[in-house]
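Chemist: Take this sequence and fold it.
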Amino acid sequence: MNTVWSLDVLYKGYQDDAFTCDLKKFSNLIVTIKDYVANLSNQNQEEAVLAIIHYLEEYDVLSAKLSSYVSLRQSTNTTDSETTALLGKLEELDSNLSKERAIMNKYLAKVGNLDEMIAQNEKLQGYDYMLHRIKDDAKYMLSDDVEEVISKLNLSAGSAWSMLQQYLTSTVEVDYNGEKTTLSGIRNLAYSGDSKVRKAAYEAELASYNKIKDAVAFSLNNIKSQVNTIAELRGFESPLAMTLHRSRMKKETLDAMLLAMKEYMPKFHAYLRRKGEMLGYNNGLPWYELFAPMGESNRTFTTEEAKEYLVSHFSGFADDLADMIKEAFDQEWIDFFPHPGKVGGAFCANLPFVKQSRVLTNFDGSLSDVVTLAHELGHAYHGLNIQDHLPLNTDYTMPVAETASTFNETIIMNAAIAEANDKEKMALLESQLQDTTQIICDIYSRYLFESAVFEKRKDSFMFPDELEQMMLDAQKEAYGDGLDHTALHPFMWVCKSHYYSEQLSFYNFPYAFGGLFARGLYAQYQKEGSSFVPKYRSLLKATTVNSVEDVALMADIDLTNPEFWRQSLKTISDSIDLFLELSK
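Modeler: Numbers count the residues shown, from 1 in each chain. Next up is the predicted model:
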């Protein structure tokens, strides 16, 4: 098994004739579209609508293929100058069409007899939801020239600041035990079975941020300032309102979820305090012990063992999921191990235009890393279920993006706990609670922090010391007395790439949404058994062509009702009660 991914399904290199041909084709297509749009007013309306759809399909597929290849290469080697230059070139080419895209979208939005036109054309029927979204989005669009300026200036603004944060966090050297290591490597030591290693790694990690915190603070300030400005220009009440609109999600849904989460926070604090007591702490759990393994399960996995473990556990749920996991391991979809220049964390990139995905992890063989693989392969399964959509119907929004991934996590952990003997059950149960505490307490702290940063950035610049205090304040509120307030993590804003996108704000609450929504779906699966699986596949497929609330209604779930979220949280609360009982 190869432990680095292959991107040959896209291109075999920058000198590959297919790459240079597609790059040239992309440039020529932009010119073609520009020429067409310049004469759009002279076209027959129905023919123009179909032509616009055709051009957008061709453009988006070609753009996605090129940008996916270059960005995937960049994620495993942020120091490669050729890749960085090509990313910039692709972004510049894309920005050249921003004015024309605005014109095309406005043209589609102004079609008076759109519903009649859709009813009479099979191709347009497939884009019914998208076309009505374009109509709805039109009121937030600016003039064509301003849209073009925003896109072009972003290349040396938000996008550039984002690349700086990614570069610094992937290349900073961490001093540990007289040697140099990466940020990803040192953060993996949080799962060590040795408490001295965990604490020393935490201290080394915090010390390393002092080398880059000033530059990263400028990145964060300027990205958030840009988003504040654009949200205001477009007429949104706030960046959060803009995010919810783009997420096709109601504020009532977010409010209902947050209300239920806050009601159940004391349960998570009780779990953290008990874990602290078991490790010998009296004032709450220190941050560096959040991921301390408990119980007697010290199992580690090779990549081959991880594959066998995941396939065996998912075979009982859905054959197509198990088959896809085999393919992911065998056909080099996964880049496993950390190394200098590789970005931290984990992600999955869906590639529906080639009916595959790619998964990046920083694997060290722990059970937690196997769960991470299950999570990312859940994204890949989501991709499997949307890959047969029309080309412009393959994007799902942030909240539902974490549904399949967290559903996978729930399956793998519940199965592992059910199979465990008494000695292992405690370890697995606690590992599951680690993960759920992250999507509730930690995600809530990130939501609080980002909200505060957006508000503060309206009239002031935040230097690192202020950002550190804001992060500590958010952690204290979210974790309560569950953590030791003298041993928190003031630099979580530096290492989390989720804060550093000018296109994607508040990439935090979707994790809580996905975790709780997935638990609600899993509860239905437990009741319905195998008959639930086709419904689940249909639900995933619908995520690209429906609002968040309408997707949930397919499973008879009202997301604006706090009671749904309470029921999902109750399943976690029951696990906490079991942990408290077992750990007496």
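
Chemist: where do the helices sit along the stretch 451-584 of the chain?
Modeler: For the stretch 451-584 of the chain, helices defined by DSSP state H, counting those that start in this stretch occupy the ranges 464-479, 492-495, 509-528, 532-542, 548-553, 562-582.

Chemist: can you tell which of these is closest to residue 164?
Modeler: helix 492-495 (11.9 Å; CB to CB). Every residue, glycine included, has its C-beta placed from N, CA and C.

Chemist: who's in contact with the closest one?
Modeler: With CB atoms under 8 Å, 6 or more residues apart in numbering as the test, helix 492-495 has contacts from 165, 169, 183, 187, 209, 212-213, 216, 220, 344, 445-446, 449, 453, 467-468, 470-471, 475, 499.

Chemist: Residue 101 is in what secondary structure piece?
Modeler: Using DSSP states H and E, residue 101 maps to helix 98-109.

Chemist: just residue 294 next, same as before
Modeler: Using DSSP H and E, residue 294 sits within no helix or strand.

Chemist: Enumerate every residue touching it.
Modeler: 275, 278, 426-427, 430-431.

Chemist: and the helix holding residue 101, what does it pack onto?
Modeler: Counting by 3 or more CB pairs under 8 Å, 6 or more residues apart in numbering; DSSP states H and E, the packing neighbours recorded for helix 98-109 are helix 17-38, helix 45-76, helix 128-137, helix 144-154.

Chemist: ranking the helices of the stretch 451-584 of the chain by burial, who's on top?
Modeler: The highest mean neighbour count among the helices of the stretch 451-584 of the chain, using mean count of other CB atoms under 10 Å, belongs to helix 492-495: a mean of 24.

Chemist: and it, how far from the chain's centre?
Modeler: On the basis of CA atoms, centre = their mean, to the nearest Å, helix 492-495 sits 16 Å off its chain's mean C-alpha point.

Chemist: now that helix: mean pLDDT?
Modeler: Averaged over helix 492-495, pLDDT sits at 96.

Chemist: then that helix to PDB, C-alphas only?
Modeler: Once non-C-alpha atoms are left out, helix 492-495 reads as follows in PDB (Å, rounded to 0.1, in the frame of the first residue of the first chain):
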ATOM      1  CA  MET A 492      -5.600  28.200  19.100                       C
ATOM      2  CA  TRP A 493      -6.300  31.100  16.700                       C
ATOM      3  CA  VAL A 494      -2.900  30.600  15.200                       C
ATOM      4  CA  CYS A 495      -3.000  27.000  14.200                       C
END
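
Chemist: can you pull out the helices in the stretch 251-400 of the chain?
Modeler: 251-278, 303-315, 319-330, 367-386, 398-401.

Chemist: could those helices be laid out in JSON lines, adding mean pLDDT and distance to residue 9?
Modeler: Rendered in JSON lines, the data for these read as follows (pLDDT from 0 to 100; distance: least, CB to CB, whole Å):
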{"stretch": "helix 251-278", "mean pLDDT": "98", "distance to residue 9": "37"}
{"stretch": "helix 303-315", "mean pLDDT": "96", "distance to residue 9": "20"}
{"stretch": "helix 319-330", "mean pLDDT": "98", "distance to residue 9": "12"}
{"stretch": "helix 367-386", "mean pLDDT": "94", "distance to residue 9": "14"}
{"stretch": "helix 398-401", "mean pLDDT": "90", "distance to residue 9": "23"}
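
Chemist: Output the ones you listed in JSON lines; the columns should cover distance to residue 287.
Modeler: As requested, the helices of the stretch 251-400 of the chain are arranged in JSON lines below (distance: least, CB to CB, whole Å):
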{"stretch": "helix 251-278", "distance to residue 287": "11"}
{"stretch": "helix 303-315", "distance to residue 287": "27"}
{"stretch": "helix 319-330", "distance to residue 287": "33"}
{"stretch": "helix 367-386", "distance to residue 287": "16"}
{"stretch": "helix 398-401", "distance to residue 287": "27"}
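
Chemist: can you tell which of those is closest to residue 574?
Modeler: helix 251-278 (9.7 Å).

Chemist: how far does the closest one sit from the chain's center?
Modeler: 22 Å.

Chemist: how about that helix: buried residues?
Modeler: 253-254, 256-258, 260-261, 264-265, 267-276, 278 (16 or more other CB atoms under 10 Å).

Chemist: just stretch 119-127 next, same as before
Modeler: Going by 16+ other CB under 10 Å, stretch 119-127 has these buried residues: 124, 126-127.

Chemist: which one of these is nearest residue 286?
Modeler: Among the buried residues of stretch 119-127, and counting by CB to CB, the member closest to residue 286 is residue 127, at 52.8 Å.

Chemist: Go ahead and confirm residue 33 touches residue 100.
Modeler: Yes. Counting by CB atoms under 8 Å, residue 33 touches residue 100, with 5.7 Å between them.

Chemist: Could I get the average pLDDT for the helix holding residue 101?
Modeler: For helix 98-109, the per-residue pLDDT averages 93.

Chemist: Show me what that helix is in contact with.
Modeler: Contacts for helix 98-109 (CB under 8 Å, 6+ apart): 33-34, 37, 40, 48-49, 52, 55-56, 114, 131, 134-135, 137-138, 141-142, 144-145, 147-148, 150-152.

Chemist: Mind giving me the ChimeraX select for these, buried ones only?
Modeler: Restricted to buried positions by 16+ other CB under 10 Å, the ChimeraX selection for the contacts of helix 98-109 reads:
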select :33,37,48,49,52,55,56,114,131,134,141,144,147,148,150,151,152
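
Chemist: what bridges to the closest residue to residue 334 other than its chain neighbours?
Modeler: Among residues not flanking residue 334 along the chain, residue 359 sits closest, at 4.6 Å (CB to CB, 6 or more residues apart in numbering). Judged by DSSP bridges, the bridge partners of residue 359 are residue 334, residue 348.

Chemist: Tell me who's in contact with residue 359.
Modeler: 5, 328, 333-335, 346-349, 373, 376-377, 379-380 are the contacts of residue 359 under CB under 8 Å, 6+ apart.

Chemist: Counting neighbours, which of these end up buried?
Modeler: Among those, the ones that count as buried (16+ other CB under 10 Å) are 5, 328, 333-335, 346, 348-349, 373, 376-377, 379-380.

Chemist: Considering these, which is situated nearest to residue 26?
Modeler: residue 349 (18.9 Å).

Chemist: I'd guessed that closest one sits against residue 74; true?
Modeler: No. The criterion here is CB under 8 Å, and residue 349 misses it with residue 74 at 11.7 Å.

Chemist: roughly how far apart are residue 540 and residue 340?
Modeler: 36 Å (CB to CB, to the nearest Å).

Chemist: Go through the helices of the stretch 251-400 of the chain and name the closest to residue 576.
Modeler: Of the helices of the stretch 251-400 of the chain, nearest to residue 576 by CB to CB is helix 251-278, at 4.8 Å.

Chemist: That closest one vs helix 509-528, what angle?
Modeler: 90 degrees (axes from the mean of the first three to the mean of the last three CA atoms, to 10 degrees).

Chemist: Run through the neighbouring helices and strands of helix 251-278.
Modeler: Taking 3+ CB pairs under 8 Å, 6+ apart as the contact cut, helix 251-278 packs with helix 239-246, helix 422-437, helix 443-457, helix 464-479, helix 509-528, helix 562-582.

Chemist: picking that back up, quick check, nearest of the buried residues of stretch 119-127 to residue 523?
Modeler: For these, the nearest to residue 523 is residue 126 (32.9 Å; CB to CB).

Chemist: Tell me who's in contact with the closest one.
Modeler: 390, 393.

Chemist: Which pLDDT does the model give it?
Modeler: Looking at residue 126, the pLDDT reads 96.
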